[in-house]
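# coordinates only, sequence not included:
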């Protein structure tokens, strides 16, 4: 059994990791930590878990010692030292935060205001979006687990961008996320009566996931891609829908695009390319690691409209982290993640 | 007192008209009709109204006879004969359906599959989006009341398009609507457990409101505009958010755009142009006739992002119809519509 | 015009008062205050109000000076001194808090842990539940506006208790409230993802509204009534449903009970006694001052089941306060409150 | 592997069975049927299942032939003949409908209007509420799987009733259910805009689950118990909360009651008796087979308040059916049901 440590276990992503690792046949939770709830049981924070997981939160140092692999779900800036600890202790490290996602220190400075403390460490880190970069992940020890928007947006666009079927200029990712994406800490904007029955954009063209999406699309295309990314806040618990727009290149048919997607995703268990006429819906992938993709054609305006739906807490966080763990330990990627999404 | 008739009073738009006219100091409901509930009280259908409005649904012929003005909230195709009746009886007519919205019969055929029964009547009809076409509306007898998406999308873009500040090619209207937009009739897609906690696009690049938005933008710009319009279904009762994207023209600054909007909307009571940093939110205009607009700049990609929020049942249907009535009867446009949106 | 001051205007009840007074034809807001937002505009706190009410929050002393009547929506314990100020300035005072609701200082101590600072003042205060105690309210200067649960529960039971149709022992008030009842301040229990799709009881048999409901029922019956009161938290913004159970007295028929209710409420505009077969639903009274009541008979167990639905922010707080203002100023009780509840 | 047939697979309970059996390590779905969707794939009806379960609906006769055990989720009245077929084919039968739940044919007639077609068959059927009647279930071939309200209400009250700690007269079960309880078929009452933000009682003291709850409590107590049962409809997808009230017998302390519950449920994996101060919440058991119970004391009125929360589709339907299957096949009762409820 793989011994798993979870640091930041009482945040939403951490708590979801607890649930998913509990279902995993080849892994078990060795220890958990939480700065806010040290000494408390996870089930004191999440009564859903009572009697099923009453583990007590320890310090992060204790967690590192007891683990073969550590998952960290921390505010950005706090993962770098932890990654060093893990490296020094021979422990694998999957970071659900943002510290290792951007390869360019300049971009990290610009969007997060931080620096790379140990540049060698950043060199070793790989970006863990398996459907796009699986080969890089195998055998690695430091994984930057992608953010939620930055998983579904590139998956919606990857085949079109990789095969040069759409213009790289003018791509728009219009996204909408459930509230859990904003974390466990209550604030006025997420207070029930002020969010319920509401819907609005936020951080339009200024959200920190922008450079991360661009980094992925740039890698796929081999060119510097600039996108327009506008997130919105949905009055639901879970789920992200990315509705992406790109101009279809002259001479490319919509059929070619569909075939490219079919080909690209044919062996990807977690990507469900929906038949013509269906629409990706966050309702249909909740609690699972699936990414549903639907393709639509604006033939009048010559645009591809690609929708991708994920559960922001699973494929957009904890589930993908488990998928990455499976890869680096040489397990079947689906292990512990063969969850049928409930129909309602 | 203006005698108002409401045809199709038991649909959602009709029922909202009943509520709004009841609040109107210069108008009163003379009669209501409903094909499905003839002989029944409106409060049998909507128990919210019990003891406050227990009017019985009559036939549409009876309604026309008793009214100075008739509002019709009917499925498309059914308003043309009714408009003739009203004309013949000297009754003003506001159509909340689609029959008179498109000026081109070809487009009507293409998108709705119908024909113009009486072309003269269509010539007389005017498109009732007061903030853009107020002068045309005054003194008219047949008003085509715009649809919901087709109110907020053009309002979000009008100043930029009118003053030539953005490229007309490549405009995207990414919209999301509350469930009441789909009407009173239950169906599987709107069944509570299948919609709740869900979010998806529908009729991408094929929704009937597309040519109507284009018609408005074409009038404003003087050129044929083709847009990409993708609606989504939100798990909320009311409200539409339009998030619109347009390329800013070379040499135009975002400040110029903001000033153009301020100038254009400065006397429009129902348009609230929000200060920099705020975002239009459907939460903040519910039950009111306001359209909140917020402007955002993607300086990296050179795009204007304009958000507009309306209550689809008020500014997107019944409220705008009352606003049009006020105009054609020479009343202050705000009469009966000075509703402060509840804070929650 | 009556000059109204609102103290605690940025809380939910205060903010709702702002909205209702704005609609009132005989009253206007003279000043508002807020400890947390002094110097800020109410529309900074509630963007729904932007451009419609941009009043700045002053101090409570300033508010008292500018007003004919002051509404206070404050945490308990803070209203007593304010009431003295109002008295000394000849200003009428309506307290939406709990300080003047209980007539017994012992009960106030037991449930709130406070004392009566000025016993004379408490003697002058009257309990403002107009449908039950209208005559007491007329001409008074200090009104204790009832709480939300304490409005709907007694209204559900009043005729049965007053006319001795049910046993006073064993009465149960099983209630469920929307989230606004817990106020504007975010906390973990009201955080969207932890409340959404949830439902639970809280403060079972220990909620502070218990003695207030008992006080009202005791007055009506002339005996000391002890009830069982269990509130629940509903994942909706507004509304309270009280489902009350009482044993029907031997020899009393359900018909007699229904007739007693019809008789008792026949002139009460704000109480809508629903016909047999209908159920009181919070959906149908939202944003209005109505209390819908439905009566049901458990003939097998000999019980009356009386349901009452109110909007906790209107009839359960701000609306009832306006109703009380209308009474003490000799206005028609309905003034400013003839709101048709929206059908959705 | 146990070969499972599911009849009525496209209803909500049937569809949930499909999901649960897919997770079961010792069972597999042999065939499914649906009258409404014969020849269609289950994933055509529930797109959540696409590519994961694309089984085609057959006839019920085909299902019986291929199965070791048949689950039927049918409207009442349709299970009796099916049960005969199963018996004749040596196939075990678990009925999620109501046909075999009531032991008294008179009561079945009174509440359902039907008769017992084959009285011998009804004699063989056992009522499958394992925590209360486990020993009866072992080795049986026809199981009447309890309804949703009829699972949580008795579990909330069982120890108190069994050990004679509360009065049997005057018991009240005030319950609230999520919308899935009303099934897959859309109707006006469940239409999103008319249910959302609403809450109301229905079928007060006249719901068909009343005699079933009474039958269970009568068996436990050895006396004829009459209860008052009032269900309410909650605007959530899943979950039932039963808030039950009973008079504590003279001389019995609340501590004794708590100890009786602890003792009675100490070995029941699926019943989680919550510590003092916690409240059973439907939020915390969603998607799982747990029943959370919390006990509260109204010391002023001498009442026990017992809350029980279940997922109406799992412990209230499909999950309990699987639990029953495990019992009759001699498997560990938890097999396939060790689901940690998600924290949000």
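Ah, there it is. Keep in mind it's a predicted model, so treat the numbers as computed, not measured. Residues are numbered from 1 along each chain as shown, chains lettered A, B, ... in the order given.
# residues contacting whichever residue of chain A sits closest to chain C?
In chain A, the residue that lies nearest chain C is residue A:186 (3.7 Å; CB to the nearest CB). Placement of C-beta: from N, CA and C, glycine included. Going by CB atoms under 8 Å, 6 or more residues apart in numbering or on different chains, residue A:186 touches C:186-188, C:190-191.
# I'd like these written out as TSV, with secondary structure and pLDDT added.
Formatted as TSV, the entries for the contacts of residue A:186 read as follows, by DSSP: H, G, I helix; E, B strand; the rest coil; pLDDT from 0 to 100:
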residue	secondary structure	pLDDT
C:186	coil	95
C:187	coil	93
C:188	helix	93
C:190	helix	90
C:191	strand	95
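# Relative to residue A:226, how far out is residue A:144?
Residue A:144 sits at a distance of 21 Å from residue A:226 (criterion: CB to CB, to the nearest Å).
# With neighbour numbers in mind, choose between the two.
A side-by-side neighbour count of residue A:144 and residue A:226, using other CB atoms under 10 Å in any protein chain shown, places residue A:144 first with 26 against 17.
# shouldn't the more buried one be in contact with residue A:100?
Yes - the criterion here is CB atoms under 8 Å, and residue A:144 meets it with residue A:100 at 3.6 Å.
# So for these two, which residues contact both of them?
residue A:125.
# how about the strands in chain A?
A:2-7, A:27-33, A:57-58, A:69-72, A:92-95, A:126-127, A:142-144, A:172-177, A:200-201, A:228-233, A:240-247, A:271-273, A:291-298, A:303-310 (DSSP state E).
# Of the ones you listed, give the one that comes closest to residue D:71.
strand A:271-273 (27.0 Å; CB to CB).
# The closest one and chain D, any residue contact?
Yes - using CB under 8 Å from any CB of the partner chain, we find that strand A:271-273 touches chain D at residue A:272.
# who does that strand pair up with?
If you go by DSSP bridges, strand A:271-273 pairs up with strand A:291-298 (parallel).
# coming back round to it: would you list the strands of chain A in CSV and tack on mean pLDDT?
CSV is the format used below for the strands of chain A (pLDDT from 0 to 100):
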stretch, mean pLDDT
strand A:2-7, 98
strand A:27-33, 98
strand A:57-58, 98
strand A:69-72, 98
strand A:92-95, 98
strand A:126-127, 98
strand A:142-144, 98
strand A:172-177, 98
strand A:200-201, 98
strand A:228-233, 98
strand A:240-247, 98
strand A:271-273, 98
strand A:291-298, 98
strand A:303-310, 98
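# Including distance to residue C:84, could those go into JSON lines?
What follows is the strands of chain A, written out as JSON lines (distance: least, CB to CB, whole Å):
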{"stretch": "strand A:2-7", "distance to residue C:84": "55"}
{"stretch": "strand A:27-33", "distance to residue C:84": "53"}
{"stretch": "strand A:57-58", "distance to residue C:84": "50"}
{"stretch": "strand A:69-72", "distance to residue C:84": "57"}
{"stretch": "strand A:92-95", "distance to residue C:84": "60"}
{"stretch": "strand A:126-127", "distance to residue C:84": "66"}
{"stretch": "strand A:142-144", "distance to residue C:84": "63"}
{"stretch": "strand A:172-177", "distance to residue C:84": "51"}
{"stretch": "strand A:200-201", "distance to residue C:84": "44"}
{"stretch": "strand A:228-233", "distance to residue C:84": "45"}
{"stretch": "strand A:240-247", "distance to residue C:84": "55"}
{"stretch": "strand A:271-273", "distance to residue C:84": "68"}
{"stretch": "strand A:291-298", "distance to residue C:84": "64"}
{"stretch": "strand A:303-310", "distance to residue C:84": "59"}
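# that older thread, out of everything not next to it in sequence, what's closest to the residue of chain A closest to chain C?
Closest residue in space to residue A:186, ignoring its immediate chain neighbours: residue C:186 at 3.7 Å, by CB to CB, 6 or more residues apart in numbering or on different chains.
# quick one, phi/psi of that neighbour?
Note on residue C:186: backbone dihedrals following degrees, to the nearest 10 are phi -70, psi 140.
# what about the residue nearest to residue A:65 when sequence neighbours are not counted, neighbour count?
For residue A:65, ignoring the flanking residues on the chain, the nearest one in space by CB to CB, 6+ apart is residue A:89 at 7.0 Å. As a burial measure, residue A:89 scores 13 neighbours (other CB under 10 Å).
# What are the neighbouring residues in contact with residue A:172?
Neighbours of residue A:172 in contact, by CB under 8 Å, 6+ apart: A:227-230, A:244-246, B:172, B:174, B:245, B:303.
# Could you tell me which residues of the stretch 101-250 of chain A lie near chain B?
Contacts of the stretch 101-250 of chain A with chain B, taken as CB under 8 Å from any CB, map to A:170, A:172, A:174, A:176, A:193-202, A:204-205, A:226-228, A:230, A:232, A:234-239, A:241, A:243, A:245, A:247.
# buried ones in stretch A:187-201?
A:189-201 (16 or more other CB atoms under 10 Å in any protein chain shown).
# could the residues you listed be laid out in CSV, adding distance to residue D:251?
Below are these laid out as CSV (distance: CB to CB, whole Å):
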residue, distance to residue D:251
A:189, 54
A:190, 50
A:191, 47
A:192, 44
A:193, 46
A:194, 50
A:195, 50
A:196, 47
A:197, 51
A:198, 54
A:199, 58
A:200, 60
A:201, 64
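# which one among those residues gets closest to residue A:6?
Taking CB to CB as the measure, residue A:6 sits nearest to residue A:190 out of these, at 23.7 Å.
# Who are the contact partners of that closest one?
Residue A:190 neighbours (CB under 8 Å, 6+ apart): A:179, A:182, C:186, C:191-192.
# 6 Å instead?
A:179, A:182, C:192 (CB atoms under 6 Å, 6 or more residues apart in numbering or on different chains).
# The last one and chain D, how far apart?
Looking back up the chat, that one is residue C:192. Computed with CB to the nearest CB, to the nearest Å, the distance linking residue C:192 and chain D is 9 Å.
# doesn't residue A:195 make contact with that residue?
Yes - contact criterion CB atoms under 6 Å: residue C:192 and residue A:195 qualify, at 5.4 Å.
# what residues does the stretch 101-250 of chain A put near chain D?
Contact residues (CB under 6 Å from any CB of the partner chain) of the stretch 101-250 of chain A with chain D: A:180, A:237.
# Report how many residues lie close to residue A:271.
20.
# And the residue lying closest to it once chain neighbours are set aside, how close does it get to residue A:291?
With CB to CB, 6+ apart as the criterion, residue A:271 has its nearest non-adjacent residue at 4.4 Å, and that residue is residue A:265. Separation of residue A:265 from residue A:291 (CB to CB) stands at 9 Å.
# what's the overlap in contacts for those two?
Both residue A:265 and residue A:291 are in contact with residue A:271, where contact means CB under 6 Å, 6+ apart.
# Just want to know which of the two has more residues nearby.
residue A:291 (28 against 19).
# Bridge partners for the more buried one, pull those for me.
Per DSSP bridges, the residues bridged to residue A:291 are residue A:271, residue A:310.
# Give the full set of residues in contact with it.
Applying CB under 6 Å, 6+ apart to residue A:291 gives the contacts A:155, A:271, A:308, A:310, A:315.
# What distance do you get for it to residue A:202?
Separation of residue A:291 from residue A:202 (CB to CB): 23 Å.
# is any part of stretch A:41-53 close to chain C?
No - using CB under 6 Å from any CB, stretch A:41-53 never reaches chain C; the gap is at least 8.9 Å.
# Just the helices from the stretch 151-300 of chain A, written as ranges.
Ranges of helices in the stretch 151-300 of chain A, per DSSP state H, counting those that start in this stretch, are A:192-195, A:210-221, A:254-265.
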